Structures are given as C-alpha cells and as structure tokens.
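> Generate coordinates for the sequence data below:
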Amino acid sequence: MSHRTQHFICKSLLIALCGLPIIELQAATATKTIEVGGLKNDAEIIVDRWGVPHIYAKSEADVFLAQGFNAARDRLFQIDLWRRRGLGQLSEVFGSAYLEQDRAARLFLYRGDMKKEWAAYGPHAEQLTKQFVAGINAYITYLQQHPDKLPAEFKALQYQPAVWQAEDVVRIRSHGLTRNLTSEVNRAKLACAGDIKLDEVRQRLSPAWETAVPEGLDPCLPEQVLRQFTLATQNVSFDPRTMKLSFAEPSSDKQIARHENRESDHFKLSVHEQDAMEASNNWVIAPSKSSTGRAIMANDPHRAYSAPSLRYIAHLNAPGLNAIGAGEPALPGISIGHNGTIAFGLTIMSIDQEDLYVYDINPANISQYRYQGAWVDMEKRTEHFKLPNGRAMASDLFFTRHGPVIHFDTNKNKAYAVRTGWLEAGMAPYFGSVDYMRAKDFASFKKAMLHWGAPTENQVYADIKGNIGWVPGGLTPIRPNWDGLMPVPGDGRYEWAGFLSGDKLPSSYNPPEAWFASANEMNLPKDYPYRERKLGFEWPSKARYQRIADVLSQDKKISLEDSMRLQNDVLSLPADRLIKLLQGIPKERSSTYPKASQAIAMLSTWDRYEHANSAAAALHQYWYSQSLAPAYKDQILAEKSLLVSTMPDLVRLLEVLENPKQWSTIWNGDAEEQRDHLLLSSLNEAYQQLEQRLGADPQKWQWGDLQKTLFAHPISNLLPATQRAQFDVGPLPRGGSANSVNQSSYRPQDFVQLNGPSFRVVVDVGNWDNSRAVNAPGQSGDPSSPHYRDLAESWAKGEYFPLLYSREAILNAADEIIRLKPAKRK
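Have a look, this model is predicted:
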C-alpha cells in the first residue's frame, strides 16, 4: 500500500467498491466445486436462503478445515483485520499512523508457554485450530489462483490477506470484553481530589461494599495513564486524516510517542463509546413451564454494531459432532447454540479480572521498579514493526512481574502496568467453547466450563431430557487484602493469591421456578460468601433482568413466540420510577416551569414502552441523557465533575433521587426541594431543546427519529457520503434503550446506537428445526453478496428465520451448494 494520498484512496475505493449495486435476494445458484488443499475427503457446504452455511465432512479434521475455508469465503477482510489489529500488524499495510496502536496491541499479546496454553482448552483445541487456520490459508491460496475473487477491500487498500498460524487465534487477547480499569481510574481521581466518599453517590457497589484508598497509593494519576490500554482494546477504524499520517516515517519510540498528540478522528477516544454497555440477555425454561413441553433456550448478546456483524452463524456436522449456532468468525467452533443434545447461551458476568499497578521507578534507570524493598529490572522486549515500502522500525516494550507497562511518568518517577486474568494461559476470549460445545449432559458441560477463562460469563444450559441450568465461568483472581476497586502499589504488598477454583462459583440446576435468566445483573445468591470470594462489585442495572423475571414468572406457559417477543421488549422500568418522581412534585413547584409541566402531562399518559414511534419515549430518553444525567453529575460532584469521564450509575441516580434526605450532603438546602428543582429544570430544558430539534408539535415526535442503528463498514469513512450507503447498512429507526430487554446503548451526541442484540436465537430443545435466529445486517461480509444486508430490515422489525438443523430441511431451503474436494497432487 505504497504512496497513497487521500484522493487516491477514495478513487480506488470508488472504482473497486462503489459501483456495486444494492443487490436484492436472488434465486438459488448452481452447485460449484472447489479443490481445497489439506482436505482429506470430500466435504460440502450448503448455504441456506438466509446465508447460514451448513458444513458436512467425514471427519472432525475436515469439518474444521472447511469451517476456516468458509469463514474466509464470507468474512476474509473482517478476520484479516481482526488478526492484524490483535497481533499489532496494522502499520505493515496501513502505514505509520497505526504504529502506536500496533505497539499497544503487542503489549497485550499472550507471551507464555504455548504447550500450557493449548492444554488449558482440552484435548482437541490445538489440532482443530490448526485445521481451522489451514482452511483460511487454503482459501487465500484459492484467491491467489483466482485474483478476480479477492474481496474489494483488499484491492482498494492495495494489500494481500496474510497467512495464518494456529497460535494467532489464541495469542490475541485484546478483543475480549474488559472490566473495571476505567472505573479504577475515575475512583482514584476522586480520591486525589480528597473526596473518595463521592464515589458512593456516583456508583452503587453491589453486594454492599465500601472501598478505601489502598495503603501506599498515590491516587493522583496521569491524564493519559490508560491511553495505551484503550488503544490496545479498541477496534480499527479508518478516516482520511489518519491515512495521511501514514506518510510519516518514525524511526524511534520517541517518534511513536509524538503520535499521541495527533487530532485524527481515529484516535479520539470517545468517553461514551468506551463506556457504552456491552451486555446480553439469556434464559432457559423447563418443560413444565414451556408451552411446547420441551425446554427452551434464548440468548441475545449485546455487542458493537458493525457491517459485517460481529458474530457468524455456522453448522458443523461430522462424525461425533453436530453443532449449530453463532461464534466469532475468526475462531473455530460454536459458542452460542446447540449440538443436538444440549443448548447453551452466554451473557457477561462482572467478575473483576483487572488491576492497575503503580510503581516507584529508579530515577537513575527508569527500567527498574521498586519491589519488596529492592530495585528490580523490568523485562524489556524489542518489537520490530514492518512498514510499507520495505521500511521497518523497532520499539522497546516493558513488562513488570504483574504485566505490561502502559505508562511512564518520569516527572514523578512512576510507572503503571496492568495485571489481567485474560493474559494467563488458557484465557483466549470465547475460545473455551471448543470444549463445551461437545458436552452431552450437565455434568460434562459444567466440567468443560472449567476451561472457560474469558470473558467472564453466565452460561445457561438446557437439554433434550428437560434439564436446565446455569454455570458461570471465568478466571477469578483472589485478592487477599484489597477489593480491586482502585489502583494499588506494585511494591509487593498487593499480590494475587492464585485463582478461585471454578467449583467455588455459584451455579444452579433445575431450579424450582422452572426457569433461569441472566442479564448481567448482580446475581450472586444471598448466602454467597462474597467477602471471602470477591468476584466483583460493579454490575449493570438489574432493570433488564427484572423485566425478564416479571414475564417468566407469570402464571402461564411460555412459548417460543413469547421468548421472541421478550427479546424485543422495550418496556423501561427506570422510566416508570422517574415519572413517579415527577408526578409527586407539588403543583406550586412545577407550575414555575411551564415546559416541564407540559412534559409531565405527556409522560404521565405514556405506557413506558420505548417504541420507535413513541413521542414520550423520545422525551424521556432525551431528558435523561442530555439533561438529567449531566445535571445530576454536576450536582453531586460540583467542581470535581470534570475529573470523572463517565456518567453516574443509573442505579445510584435513582436511589439518590428517590431518597434525597438520605444523601443530604450533596444538596444545597432542603433536599426534596433541591431534588425537585433538579428534575424540573432539566426536564424544562430538554423539552425546549426537543421543540427546536423535532418541531413544536410534540405529537409528531418519534424516538426512532432520534435513535438509529447504523451498521458501519470499517472503510466507509474513506468514501464520499453519497457512496457510503453501499457499505453501511442503515440508519434504521430503533426503539428501546440501555435498560430495556431489547437493549440499545446509544451515543448521546447523535443517538446512533453503539451496540445491541444484532444476533438473537431462541432454541426449541429437541425440535431443533423449530428454532429461530437472526443475525443483522446479514451473514456475508461481501457488500456485493445478497446476504450482506438481507436480514437487517427483518431484524429491526423483531423477525427471525428458522435455524434449520435436519439435512432434509436444510436441502429444502438451500440457496447454494459448494462441494469441496481434496486438491490433486501435482
């Protein structure tokens, strides 16, 4: 990718990509045959009319090779970009503008014993991964023989897909969902300002807990302390200004560091985007509670929206294995779905796997840190970075006994490093599914979950015998003398004492309620010894779980259709609590805010469902995100508001507003009167702003006119706005919010949805062909494919397609058949 300018990039993209039509769903195509190197016997990929590949092979080795081949066939640019980002190889093809992100990514690669790494996942992991990447490489070889089929993104950006190694799949760790480092830093900032108690008002800790500044910690941290961590864990994006920076030719660490001050859009780290909730819902229903007389499993992970989608549905069929469902396209196996005997689905469980360590460094040698009273050398590793046109450079990375050093503050002689569970052996995110997808009963499933390390999860289970259960999983550090809520000195006083045994986590099997659900809420049993086993204290609001529980607890049988409706439910329980506060304000107070009075009247008649066409939902969400939450933050933190990058926790906000006298220290005068003033003034302001934004007639306001879903292609920002529609899907009007079951976390500045349930599945356990799923915007990563955007509209309407399992049903719905044959020896 040599000597590109912005004009050249855009021109190349227009030629390579922009002439593609928006293709309607087309008729079934003819069967085709492809020779594949490494394949031992014939295999077959039947692509159904919804773009789901059903892969049949005569051995497990061949089925995983075919899975890799198929993943590359449908998602090659996506998985190649995933690999380059994770391994820190972006600058090799995109230029020096990406050196800092590459350097950051390499800080968080797994660097341990690979034998121990593979063994951690069970007996099949290494071999099936070798087959999987062999399939990816076989497709790359196929493209070399058929260059006209190379995905357009590679042609436009002028580089070739890279060859994979099996270890690439498991060494990359930075795509896992991270935990509380940002929160640790926010809490430290308040402690630095001398007001750690304010954190109790900012965020509720659960189970009930009170934190304190660890002994020996200087809580005054540098502003950029988490920059390298954030760069390492963020996605890749492209924009013209960033691409211009690729012409720089840094030759030293200092020149990499200069890039930290750039203003490119690529490196502006949005507080709201970094802290947007990535969540999930799942539940299982026992036959006694199900209208089918069989168990039901439902799951809808809430992840970042993109084109193509984060997850990919596939079906793997070989002797001893018949699993179908979703996984990440760059990984072998299935992580959400069923195997013909059991069904499984996951949500995030907020176990704290991360700690920020603060060190005193030697003024005479900054690569030494004080540990147990002595100066200890950091480990230095020199990394080499290839650049376009044959250029290269080297950069030194430093590691302490705890982990990668992410920041040096030479003015204060401090260094900062991260210890995280997901850098331990066996912690490759989502890779643990290669073991549990084979389980045949609850005991073997629970045993397999011992191989699951990251991200920390709530797994639900259902089987053909009618059993249901819940098994959490994830590596849990043991912190004997602190709670993990703030940074700690790295001098040896705060060390992990190993990891909690997986059998010490709670679990449930055939609960008496005949159902189990999770929605990222704090779900430790009341009798769980959390003071001895400190899993974590920062959990999302339980509003989604409460709504799910309300529905599943009804005195009725639950059907598959009920589960699909529940996944699309947009009732807001927090809205009901806020409206009750407004309704309780004395008329003599509200009358002094005329617009607020109109708003209260409008909200009082609302049913609290945040449908896309709801005017009251638009008012409620605009009020909360644009006016109430910022005003509350300013009220509780005052001049310290700017110290904290995130908005206050909704759970604590509601508690404080409902019980203002219990939090009297944050109010200037009468607590209830000040609370009412905060509610009314913020509502008055929001109503006036909406009149300007959506028009003077509130009956014409619609929540979907504000909140929209955009499935953005990574390179669309390089295109003129008029051409982006051929790669981006949307924007689509959307209902819901962060606290409805149909979860929707949006960016407050423009209400574009950041993440949500792009993949949904409801499994009829035992009557497998009756299962339903959807994966938006579509299965394919090729903008010219009929399966690139074909599911977006139906997804937005809450519709599903059959997740077919039997060969007969699959053949009846076949859209394309690809026969794979072993390559002939030359």
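
> When you work out contacts or count neighbours from here on, use the C-alpha atoms and nothing else.
Will do.

> Beta-bridge partners for the residue most central in space within the chain, please?
The centre of the chain sits closest to residue 303, judged by C-alpha atoms, centre = their mean, with a distance of 4.1 Å. On the basis of DSSP bridges, residue 303 is bridged to residue 756.

> That one and residue 279 touch, don't they?
Yes: the criterion here is C-alpha atoms under 8 Å, and residue 303 meets it with residue 279 at 6.9 Å.

> And the closest residue to residue 314 other than its chain neighbours, how close does it get to residue 67?
Closest residue in space to residue 314, ignoring its immediate chain neighbours: residue 53 at 5.3 Å, by C-alpha to C-alpha, 6 or more residues apart in numbering. Per C-alpha to C-alpha, to the nearest Å, residue 53 is found 9 Å from residue 67.

> follow-up on the earlier one: now list whatever residues contact both of residue 303 and residue 279.
residue 756 (C-alpha atoms under 8 Å, 6 or more residues apart in numbering).

> by contact count, what packs against the longest helix along the chain?
Ranked by number of residues, the top helix in the chain under DSSP state H is helix 60-87. With contacts taken as 3 or more C-alpha pairs under 8 Å, 6 or more residues apart in numbering; DSSP states H and E, helix 60-87 sits against strand 43-48, strand 53-56, helix 99-107, helix 125-145, helix 166-171, strand 312-318.

> roughly how far is the third one from the heart of the chain?
So the one you mean is helix 99-107. Centre-to-centre, helix 99-107 and its host chain are 20 Å apart (C-alpha atoms, centre = their mean, to the nearest Å).

> And whichever helix or strand comes after it, how far out from the chain middle?
Using DSSP states H and E, the next helix or strand after helix 99-107 towards the C-terminus is helix 114-119. Mean-position distance between helix 114-119 and its chain equals 26 Å (C-alpha atoms, centre = their mean).

> Quick check: which helices or strands does helix 114-119 pack against?
If contacts are counted by 3+ C-alpha pairs under 8 Å, 6+ apart, helix 114-119 sits against helix 125-145.

> after the least confident helix or strand in the chain by mean pLDDT comes which helix or strand?
Across the helices and strands of the chain, mean pLDDT, DSSP states H and E gives its lowest value to helix 271-275, namely a mean of 38. Heading C-terminal from helix 271-275, the first helix or strand you meet, by DSSP H and E, is strand 280-285.

> Sheet partners, orientation included, of the next helix or strand after that next one?
Later in the chain than strand 280-285, the nearest helix or strand by DSSP H and E is strand 296-301. Next to strand 296-301 in the sheet, as set by DSSP bridges, lie strand 280-285 (antiparallel), strand 759-764 (antiparallel).

> Pull strand 296-301 out as CSV, backbone CA atoms only.
Only the C-alpha atoms of strand 296-301 are listed here, as CSV (Å, rounded to 0.1, in the frame of the first residue of the first chain):
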residue,chain,number,x,y,z
ILE,A,296,-36.4,-23.5,25.6
MET,A,297,-33.1,-21.6,25.5
ALA,A,298,-33.0,-17.9,24.4
ASN,A,299,-29.9,-15.7,24.1
ASP,A,300,-29.2,-12.2,22.6
PRO,A,301,-25.7,-10.9,23.2
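
> what's it in contact with?
279-287, 290, 336, 343-347, 460-462, 560, 563, 567, 756-765.

> Could you rerun that using 7 Å?
279-286, 343, 345-347, 462, 563, 757, 759-765 (C-alpha atoms under 7 Å, 6 or more residues apart in numbering).

> likewise stretch 34-51?
Under C-alpha under 7 Å, 6+ apart, the answer for stretch 34-51 is 53-58, 62, 138, 779, 787, 810, 813-823.

> go on, stretch 59-75?
Residues outside stretch 59-75 that contact it (C-alpha under 7 Å, 6+ apart): 39-40, 55-57, 128, 131-136, 138-139, 316-319, 329, 332, 780-782.

> From those residues, list the buried ones, please.
Neighbour-count burial (16 or more other C-alpha atoms under 10 Å) applied to these gives 39-40, 55-57, 128, 131-136, 138-139, 316-318, 329, 332, 780-782.

> for the stretch 701-826 of the chain, what spans make up the helices?
703-706, 792-796, 807-812 (DSSP state H, counting those that start in this stretch).

> Redo the ones you listed as CSV? Include mean neighbour count.
Formatted as CSV, these follow (neighbours: other C-alpha atoms under 10 Å):
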stretch, mean neighbour count
helix 703-706, 21
helix 792-796, 19
helix 807-812, 14
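
> Can you give the contact residues for stretch 329-337?
64, 71, 79, 129, 132, 169, 311-312, 323-327, 343-346, 433-434, 437.

> Among the contacts of stretch 34-51, the buried ones, what's the ChimeraX command?
Filtering the contacts of stretch 34-51 down to the buried ones (16+ other C-alpha under 10 Å) takes a single ChimeraX command:
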select :53,54,55,56,57,62,138,779,787,810,813,814,815,816,817,818,819,820,821,822
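
> re earlier: how about a markdown table for the helices of the stretch 701-826 of the chain, with distance to residue 34 added?
Output for the helices of the stretch 701-826 of the chain, formatted as a markdown table (distance: least, C-alpha to C-alpha, whole Å):
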| stretch | distance to residue 34 |
| --- | --- |
| helix 703-706 | 45 |
| helix 792-796 | 30 |
| helix 807-812 | 20 |
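
> closest one to residue 536 among these?
Among these, the nearest to residue 536 by C-alpha to C-alpha is helix 792-796 (34.1 Å).
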